[in-house]
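[1] Whatever this is, show me its structure:
(3 chains)
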Amino acid sequence: MADKKLLLIDGNSVAFRAFYALFRQLENFRNPEGLHTNAIYTFKNMLDVVLNDVKPDHVLVAFDAGKTTFRNNMYADYKGGRQKTPSELSEQLPYIQELLHDLGISTYELDNYEADDIIGTFATIGEKEGFKVTVVTGDKDLTQLASPQTTVMVTKSGVLNLEAYTPEHMKEVNGVTPTEFIDMKALMGDNSDNYPGVTKIGPKKASQLIQEYGSVENLYDHIDDMKPSKMKENLINDKDKALLGKKLATIDRHTPLTIGIDDIKWREVDYQKLRRFYEKMNFRKFLSQLDPESAAGQKDQPVKDNKAVAFTELKENDINNFAVKDGQTITFYLGMLGANYHLADFVGFAIKIDKQIYVSRNVDLLKEPQLKNILENKQITKNVFDLKRTTVGLNRLGIHARGIDYDMLLASYLINNENNSDDMGEICRMYGDNSVKSDYDVYGKGKSAHIPEDDQVLFNHLAGKIEAIENLKETLLAKLKEHEQDDLFANIEIPVARVLSVMEINGIKVQAETLTQLQDEFAVELKKMEKQIYDEAGEEFNINSPKQLGHILFEKMGLKPIKKTKTGYSTSVDVLNQLKDESPIIGQILTYRQIAKIQSTYVNGLLDVIQKDGRVHTRYLQTLTATGRLSSVDPNLQNIPTRTEEGKQIRKAFVPSEPDGYIFSCDYSQIELRVLAQVSGDEQMQEAFRTGYDIHAHTAMKIFHLKSTADVTPLMRRRAKAVNFGIVYGISDYGLSKNLNISRKQAKQFIDNYFEQYPQIKDYMNKAVQVAREKGYAETIMHRRRYLPDIHAKNFNVRSFAERTAINSPIQGSAADIIKIAMINMQKKLDDMHLKTKMVVQVHDELIFDVPKDELETIKKIVPEVMQSAVRLDIPLVADSGYGHNWFDAK
DNA sequence: GTAATCACG
DNA sequence: ACGTACGTGATTACT
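    Next up, the predicted model:
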């Protein structure tokens, strides 16, 4: 017979995790009385996962009783300095208990003890009585309970992702056994519980020492044998702290409980009460799981999905019956197999007119005048999922889509871009709608992807998408409104999607002959370098393999490995540059690498993607980045080389449509620093931009305390430039020192000077972090959001990263907002003036145009104007331009 | 499929 | 004291 199973949950820590897992949804999760419910909801979700996984016979959720426990008697500051539990969470705790009781689950708390101790004690009892014990917690402290009979599940990211600590896993992670973990903690202390441990001892050292000595006590018994060192001194000086730490870290496994194991059996679920509870909390998802069958005893009922949708297969004759009037709204979906919609096979389409959904595999039906007119009529508004994809796809059928004013994909991206999926099924599930399958479930993925033969399967999928677009529209629009993003949606993202469709359809002409010529030149150069490298190494090997290269350099030739990667020696540019003087092979490798990169990625890569029309048609991904920038794929036109002479040659292949035409390029000057000057309101920096100074020279003058920019040396300017960039990224002295190859101390001095000279920038940075902490997200000037759940992370690195992101995102994101506005205005201007000039490429702060000869003068005038006037700031926006008969010469 | 490297803003 | 710049995509090697 299988063992009886006991499940023990640390109520407070799991509730805490649950609260922060959905922190960004805090204000969306409220019941009609205004009670926050995010933690209750997530707690229940977590519970379902664990109950289903463990299927326990006995369950207990333990809570902390009050503020002080026996540990405070040993150490008054225990858990001191901890932030108070936010009221939005504490108000939910009683309801979590109520929910648990309705589910037939016991809860328990005991004065003077923590939930940990209750769990430790029950685990001890459970093990004695032959239970298989599972502990669930958000706190690693409890891993000391792991044993052959007890597994400790610790929440990893979010709450649904749990890491199972067995004694073996414990050993892998910490290098010690669960009981030794107590001693390890005694030495290293615990920041969150506010006790110190031994000075200068962190997890690494603590683990080593305990592995060597087995326990704190044994370590001190043998301390005299230890070699003299700073660490030994610290250990001796902080002996009291270590011994105290051990007491504090040890979970009391013999708490004087007032209940026994028989009191915590998992009882019957009280469905009546549970239903009332869900109604009170407005938990529709859980309510829908409570239909009569589930009341019959099934504890876990998966959410229903894939209801059949009513649809009609469209036949040619039906099309004549369509009568859609101006002002009406329809919903349309065009299915394609594969990501690249410039080339992908059509799967079919679905269209909803007057409450009737029509589907067909035959996209040629769309070309029939009746349907074509509907799709091209601007007065008939359309809901779609992915405007750009739909528009480009229809264009391949000779249909010029107009009137699309709602895009579910764009809406969901603006509302929350953490999960930047472009799969409709996944997006629906984020909003609790399980009715749409993922495309990869219907079509398969990779090579085996195909269109289902079964009409029912395909049509149901297509029609289901139509329903979902309509069903979620109201919800998504309401959220956009709530976020003050209706303007961003309707007046920036939707119009920019239309502009991008035009750009992608146009493409840019790439001359294959120019590339093949470069290919030959680079091939000769590569052969030459290859030979030199083999001679120097004394053998032939694959230079492109970091593993083989590392072997040659650091083992065979005995060079000093400066940096390591997870898998071996690092051979990155950084490292090689530092070794440059050691051997001529280093320079040869650097040259080889550089050319090889250009050859494979750009020469060969571009040749592969030139279409029959002699042009490349990139796809701009509009719903991918966390900051609101675009990205570009197939090919990526946003990273065409510019920094090296060889690389730059690639740009010669990018040419205008007409032989005597021009490539015209216009880029914003220092847009991110200008945005920084704007959002920080810093007087000094704003003044510099208003005066039209060279901003890096100005910064150099400021931080080096010079009287005039005339006194700035090139070195000073270079350093000031790096500081300016660093500021935008959320600077650290370490990062700057590495970038400039200067001491950390010197870097710190630069930064201190900077903040002294531009005090409001420092204020901005502090405020950005503070606001992100309060709201859970960072925001651009156009209300684009980036959620930063990690801003509350316990882990210093994770949290610091979120803090830098809070500083950087509004800057990078606002710059992205600005150029998007410029693009919309620019396309409108080109259309209004009936110009033949095409906007062809966007590279974050620059726009590239394909200009007929006789329009050059006009373009020279209007492009900078439009870009500079995209938004009105307290400081001027400046755009510089250049042109030539190819992209190389357009500088 | 992931890691390392390097191309861009 | 912690260990570090912010966004991206493509290619290659190798599991």
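
[2] okay, CA-based contacts and neighbour counts for the rest of this
    Will do.

[3] show me where the stretch 401-550 of chain A has helices.
    A:408-415, A:424-430, A:439-443, A:455-482, A:486-487, A:494-506, A:512-537, A:546-550 (DSSP state H, counting those that start in this stretch).

[4] Out of the ones you listed, which gets nearest to A:Asp752?
    Taking CA to CA, helix A:408-415 is the member of these nearest to A:Asp752, at 36.7 Å.

[5] Report the backbone C-alpha coordinates of that closest one in CSV.
    Provided in CSV are the C-alpha atoms of helix A:408-415 (Å, rounded to 0.1, in the frame of the first residue of the first chain):
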residue,chain,number,x,y,z
MET,A,408,-6.1,42.5,-30.4
LEU,A,409,-2.4,41.6,-30.5
LEU,A,410,-1.3,45.3,-30.2
ALA,A,411,-3.8,45.9,-27.4
SER,A,412,-2.6,43.0,-25.4
TYR,A,413,1.1,44.0,-26.0
LEU,A,414,0.4,47.5,-24.7
ILE,A,415,-1.5,46.3,-21.7
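
[6] Reformat the helices of the stretch 401-550 of chain A as TSV; add mean pLDDT.
    Converted to TSV, these look like this (pLDDT from 0 to 100):
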stretch	mean pLDDT
helix A:408-415	96
helix A:424-430	90
helix A:439-443	89
helix A:455-482	96
helix A:486-487	96
helix A:494-506	96
helix A:512-537	93
helix A:546-550	89
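
[7] most packed of the ones you listed?
    Compared across these, helix A:408-415 shows the largest average neighbour count, a mean of 24 (mean count of other CA atoms under 10 Å).

[8] tilt between that one and helix A:455-482?
    Orientation check (axes from the mean of the first three to the mean of the last three CA atoms, to 10 degrees): helix A:408-415 against helix A:455-482 gives 40 degrees.

[9] among the helices of the stretch 401-550 of chain A, which is nearest A:Leu387?
    With CA to CA as the criterion, A:Leu387 lies closest to helix A:494-506 of the helices of the stretch 401-550 of chain A, at 6.7 Å.

[10] The closest one relative to helix A:408-415, how many degrees between them?
    120 degrees.

[11] Please export the alpha-carbon coordinates of helix A:494-506; PDB is fine.
    Provided in PDB are the C-alpha atoms of helix A:494-506 (Å, rounded to 0.1, in the frame of the first residue of the first chain):
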ATOM      1  CA  ILE A 494      -2.400  51.200 -34.900                       C
ATOM      2  CA  PRO A 495      -1.200  53.900 -37.300                       C
ATOM      3  CA  VAL A 496       2.500  52.900 -37.000                       C
ATOM      4  CA  ALA A 497       1.400  49.300 -37.800                       C
ATOM      5  CA  ARG A 498      -0.100  50.600 -41.000                       C
ATOM      6  CA  VAL A 499       3.100  52.500 -41.800                       C
ATOM      7  CA  LEU A 500       5.200  49.500 -41.100                       C
ATOM      8  CA  SER A 501       3.100  47.400 -43.400                       C
ATOM      9  CA  VAL A 502       3.900  49.800 -46.200                       C
ATOM     10  CA  MET A 503       7.600  49.800 -45.400                       C
ATOM     11  CA  GLU A 504       7.700  46.000 -45.300                       C
ATOM     12  CA  ILE A 505       5.800  45.600 -48.500                       C
ATOM     13  CA  ASN A 506       8.000  48.100 -50.300                       C
END
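
[12] Show me how far that helix is from its chain's centre.
    Distance of helix A:494-506 from its chain centroid, counting by CA atoms, centre = their mean, to the nearest Å, is 25 Å.

[13] so what does that helix touch, helix or strand wise?
    Judged by 3 or more CA pairs under 8 Å, 6 or more residues apart in numbering; DSSP states H and E, the packing partners of helix A:494-506 are helix A:387-396, strand A:404-407, strand A:619-621, helix A:796-832, strand A:838-842.

[14] can you tell which of these is closest to DNA strand B?
    Nearest to DNA strand B, of all the helices and strands packed on helix A:494-506, is helix A:796-832, at 7.2 Å by CA to the nearest atom of the strand.

[15] So which residues on the stretch 601-750 of chain A come close to DNA strand C?
    Proximity of the stretch 601-750 of chain A to DNA strand C is confined to A:601, A:604-605, A:621, A:624-627, A:631-636, A:639, A:722-723, A:725-727, A:729-736, A:739 under the rule CA under 7 Å from any atom of the strand.

[16] What subset of those is buried?
    Among those, those classed as buried by neighbour count (16 or more other CA atoms under 10 Å) are A:621, A:624-627, A:631-632, A:635-636, A:722-723, A:725-727, A:729-733, A:736.

[17] List the ones among the residues you listed that fall in strands.
    Here DSSP state E is the test, and those give A:Leu621, A:Ser631, A:Ser632 as lying in strands.

[18] Include distance to A:Lys55 when you put the residues you listed into CSV, please.
    Putting those into CSV (distance: CA to CA, whole Å) gives the following:
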residue, distance to A:Lys55
A:Leu621, 44
A:Ser631, 46
A:Ser632, 48
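
[19] Go through those residues and name the one nearest A:Gln760.
    Nearest to A:Gln760 among those: A:Ser631, at 32.0 Å, using CA to CA.

[20] which residues does the closest one contact?
    Contact partners of A:Ser631, counting by CA atoms under 8 Å, 6 or more residues apart in numbering, are A:Tyr620, A:Leu621, A:Gln622, A:Leu624, A:Thr625, A:Gln638.

[21] Go again with 7 Å.
    By CA atoms under 7 Å, 6 or more residues apart in numbering, the contact set of A:Ser631 is A:Tyr620, A:Leu621, A:Gln622.

[22] before we move on, what about A:Ile264?
    Going by CA under 7 Å, 6+ apart, A:Ile264 touches A:His58, A:Val59, A:Leu60, A:Ser106.

[23] Pull the number of nearby residues for the residue nearest to the last one when sequence neighbours are not counted.
    When the adjacent residues along the chain are set aside, A:Ser106 lies closest to A:Leu60, with 5.2 Å between them (CA to CA, 6 or more residues apart in numbering). The number of residues packed near A:Leu60 is 25, by other CA atoms under 10 Å.

[24] and A:Leu60, what is it in contact with?
    Contacts of A:Leu60 (CA under 7 Å, 6+ apart): A:Leu7, A:Leu8, A:Ile9, A:Ile105, A:Ser106, A:Thr107, A:Ile264.

[25] Okay, and the nearest residue to A:Leu243 once chain neighbours are set aside sits in which element?
    Using CA to CA, 6+ apart and skipping residues adjacent in sequence, the residue nearest A:Leu243 is A:Ala186, 6.8 Å away. Using DSSP states H and E, A:Ala186 sits in helix A:178-188.

[26] Any residue of that helix touching DNA strand C?
    No - applying CA under 7 Å from any atom of the strand, one finds helix A:178-188 separated from DNA strand C by no less than 10.6 Å.

[27] and the gap between A:Glu168 and A:Thr134?
    Applying CA to CA, to the nearest Å, the value for A:Glu168 to A:Thr134 is 15 Å.

[28] So between those two, which is more surrounded?
    Set A:Glu168 next to A:Thr134 and count neighbours by other CA under 10 Å: A:Thr134 wins out with 24 against 15.

[29] Tell me the secondary structure of that one, please.
    At A:Thr134, secondary structure determined by DSSP: H, G, I helix; E, B strand; the rest coil is strand.

[30] quick revisit: out of the residues of the stretch 601-750 of chain A next to DNA strand C, list just those in helices.
    A:Gly605, A:Ala722, A:Val723, A:Phe725, A:Gly726, A:Ile727, A:Tyr729, A:Asp733, A:Tyr734, A:Gly735, A:Leu736, A:Asn739 (DSSP state H).

[31] Could you identify the most distant pair in these?
    Within those, A:Gly605 and A:Asp733 form the most distant pair, 38.6 Å apart (CA to CA).
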